[in-house]
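*Asks:* give me a model of this one.
(2 chains)
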Protein chains: 2
Amino acid sequence: MDFGRILILIPLILLSFVSSNDSHSIIRMRTDLSDSYAGVRKIRVDDSLYCDSWRFVIEANDAGKWSTVPKRCLEFVKEYMTGGRYTSDSEIVADYAVAFAKTVNVSTNRKDAWVFDIDETLLSNLPYYRDNEYGSEPFDEASFDLWVDSSVAPALPASLRLYNELRKLNFTIFLLTGRTENQRTSTIENMLFAGYSGWEKLFLRGASDLGKLATVYKSEKRREIESAGYTIHGNSGDQWSDLTGFAVATRSFKLPNPMYYIA
Amino acid sequence: MDFGRILILIPLILLSFVSSNDSHSIIRMRTDLSDSYAGVRKIRVDDSLYCDSWRFVIEANDAGKWSTVPKRCLEFVKEYMTGGRYTSDSEIVADYAVAFAKTVNVSTNRKDAWVFDIDETLLSNLPYYRDNEYGSEPFDEASFDLWVDSSVAPALPASLRLYNELRKLNFTIFLLTGRTENQRTSTIENMLFAGYSGWEKLFLRGASDLGKLATVYKSEKRREIESAGYTIHGNSGDQWSDLTGFAVATRSFKLPNPMYYIA
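*Replies:* Alright, predicted model coming up:
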């Protein structure tokens, strides 16, 4: 043991014992709510702290499949979506995507591609979710389909900026959505209404795609794009099932979405 | 156009135009700082809002490779790491990991495996980073190696709880770290000091692994584990390079780490 090591050891052994006590407290608190270690108890009780961590686990894909926003997090999600944080997060994601796009040496053969998901990526269904408890109520397909048919979802401003920047940089843009073929017309109408134009192709779920997990369906379509000679440099989506699987892009850009999960 | 559609349309067209104006403001603000759209300007100026979004992009792997915490986010990261949010996030990640582990039908043949990274996963180097500007200074290998040799890093309490729970459930535990073989003794000493025991095998980078990206090195080792007949049900790590590549686990658990990035 050298001198430097001793110097580091002295204060830290003390600190490590503190930490070790903490972990015992965590185990104890499960049976003893009068436990005096307020810090960890606070985590379980404080909605704002808990919901921020809940958002971490769903955005980092730690949670796996989840169905609805926990009731105790409804106010948190509402505040996140409407109070500036959602806008901020999606703007910074777009900043990183634009910065990456500018490093790509885009050739003149139109074979440099970017794949976009649509819902909560290019279009925002926030007006619908504002009227439907921000994802804390079970998903209601009938009312959502009616909303889709109305074709009035606004653009997510950060993504519209990225989209237009990519077009200027001469990327070929593919739209790859879990929406179904019978929603093709309303989807195109909505995209134009929101200010998008000039995409190469819009993929929607056809009859043979209906039973597939989104990850599989989207991977297959990306492979189709690659087989046609394209290089998929970037992929933007709000779900991990937009971005993982096979034929993944060089860089994937996960947008925030604490309102719902698609497997 | 049916009646339901018209009902939805009326208020939302207005809303969509507001959103469309926002996106124009975003583009304008890049050349005109006197722009009146305070919301988006706030994102760029407000350190707390910006740094929260910066944390989103690094945790969601949107940022790709990054070297140091932005100077303007030093205070944010310090507060995140020491003010309860880091503890909360890692506790909730452990909750989800435990919940998943309990769904696994662990057989008696000892072939049900869980892979753990070490630094910022089982062990916390927070005492080191507290003395080194929480990752906002360039990484200093010499002083970090001295810290590793001291073998006094405390356990991350949430991970110690998960680890002990997995042992009770009869999972076989593998440790897979980017630390090198010459750090084997100090690593074992530190793990025991922090309260860990009973792992099956500790993988460190050998001579032939030194030039490899962490993703490749770790994928190769996971494949080795699988080839020995194990099923890797869970994998815990603070870096995406701990969790992605090939031979990935059934479920991966990304722990928070806003202090450094490993490719």
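*Asks:* pretty sure A:Phe193 contacts A:Ser151?
*Replies:* Yes. Assessed by C-beta atoms under 8 Å, A:Phe193 is found in contact with A:Ser151 at 5.9 Å. For every residue, glycine as well, the C-beta is placed using N, CA and C.
*Asks:* out of the two, which sits in the busier spot?
*Replies:* Neighbour tally, A:Phe193 and A:Ser151, criterion other C-beta atoms under 10 Å in any protein chain shown: the higher count belongs to A:Ser151, 23 against 19.
*Asks:* identify the residues contacting that one.
*Replies:* Listed by C-beta atoms under 8 Å, 6 or more residues apart in numbering or on different chains, the contact set of A:Ser151 reads A:186-187, A:189-190, A:193.
*Asks:* ok, now with 6 Å
*Replies:* A:186, A:189-190, A:193 (C-beta atoms under 6 Å, 6 or more residues apart in numbering or on different chains).
*Asks:* same list (the residues you listed) but as TSV, adding secondary structure.
*Replies:* Formatted as TSV, the contacts of A:Ser151 follow (DSSP: H, G, I helix; E, B strand; the rest coil):
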residue	secondary structure
A:Ser186	helix
A:Glu189	helix
A:Asn190	helix
A:Phe193	helix
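*Asks:* ok, and the most crowded of those residues?
*Replies:* A:Asn190 (24 neighbours).
*Asks:* need the residues of the stretch 101-250 of chain A near chain B, please.
*Replies:* Residues of the stretch 101-250 of chain A lying close to chain B by C-beta under 6 Å from any C-beta of the partner chain are A:127, A:146, A:149-150, A:152, A:154, A:157, A:160-161.
*Asks:* would you turn these into TSV with neighbour count?
*Replies:* Shown next, in TSV, are these (neighbours: other C-beta atoms under 10 Å in any protein chain shown):
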residue	neighbour count
A:Pro127	19
A:Leu146	16
A:Asp149	20
A:Ser150	24
A:Val152	25
A:Pro154	25
A:Pro157	24
A:Leu160	25
A:Arg161	22
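*Asks:* of these, closest to B:Met259?
*Replies:* The nearest member of these to B:Met259, counting by C-beta to C-beta, is A:Arg161 at 30.1 Å.
*Asks:* from A:Lys168, how far off is the closest one?
*Replies:* Computed as C-beta to C-beta, to the nearest Å, the A:Arg161 to A:Lys168 distance reads 11 Å.
*Asks:* again, but for A:Trp147
*Replies:* From A:Trp147 across to A:Lys168, the span is 31 Å (C-beta to C-beta).
*Asks:* secondary structure element holding A:Trp114?
*Replies:* A:Trp114 is part of strand A:112-116 when elements are defined by DSSP states H and E.
*Asks:* compare A:Trp147 and A:Lys168 and say which is more crowded by neighbours.
*Replies:* Shown here are A:Trp147 and A:Lys168; by other C-beta under 10 Å, A:Trp147 has more neighbours (23 against 9).
*Asks:* so how many other residues sit close to the nearest residue to that one once chain neighbours are set aside?
*Replies:* Ranked by C-beta to C-beta, 6 or more residues apart in numbering or on different chains and with sequence neighbours excluded, the top spatial neighbour of A:Trp147 is A:Tyr128, at 4.4 Å. Counted by other C-beta under 10 Å, the residues lying close to A:Tyr128 total 20.
*Asks:* hang on, A:Tyr128 in a strand?
*Replies:* No. The assignment for A:Tyr128 by three-state DSSP gives helix, which leaves it out of any strand.
*Asks:* helices or strands next to the longest strand along chain A in the packing?
*Replies:* Taking DSSP state E as the criterion, chain A has its longest strand at strand A:172-180. Under the contact definition 3 or more C-beta pairs under 6 Å, 6 or more residues apart in numbering or on different chains; DSSP states H and E, strand A:172-180 sits against strand A:112-116, strand A:201-205, helix A:214-227.
*Asks:* adding distance to A:Asn235, mean pLDDT and mean neighbour count, write the ones you listed out as a markdown table.
*Replies:* Listed next are these as a markdown table, based on distance: least, C-beta to C-beta, whole Å; pLDDT from 0 to 100; neighbours: other C-beta atoms under 10 Å in any protein chain shown:
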| stretch | distance to A:Asn235 | mean pLDDT | mean neighbour count |
| --- | --- | --- | --- |
| strand A:112-116 | 5 | 99 | 25 |
| strand A:201-205 | 13 | 98 | 18 |
| helix A:214-227 | 8 | 98 | 19 |
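*Asks:* chain A: helices as residue ranges?
*Replies:* A:3-29, A:38-45, A:47-59, A:74-82, A:85-101, A:126-130, A:141-150, A:157-168, A:184-194, A:214-227, A:240-243 (DSSP state H).
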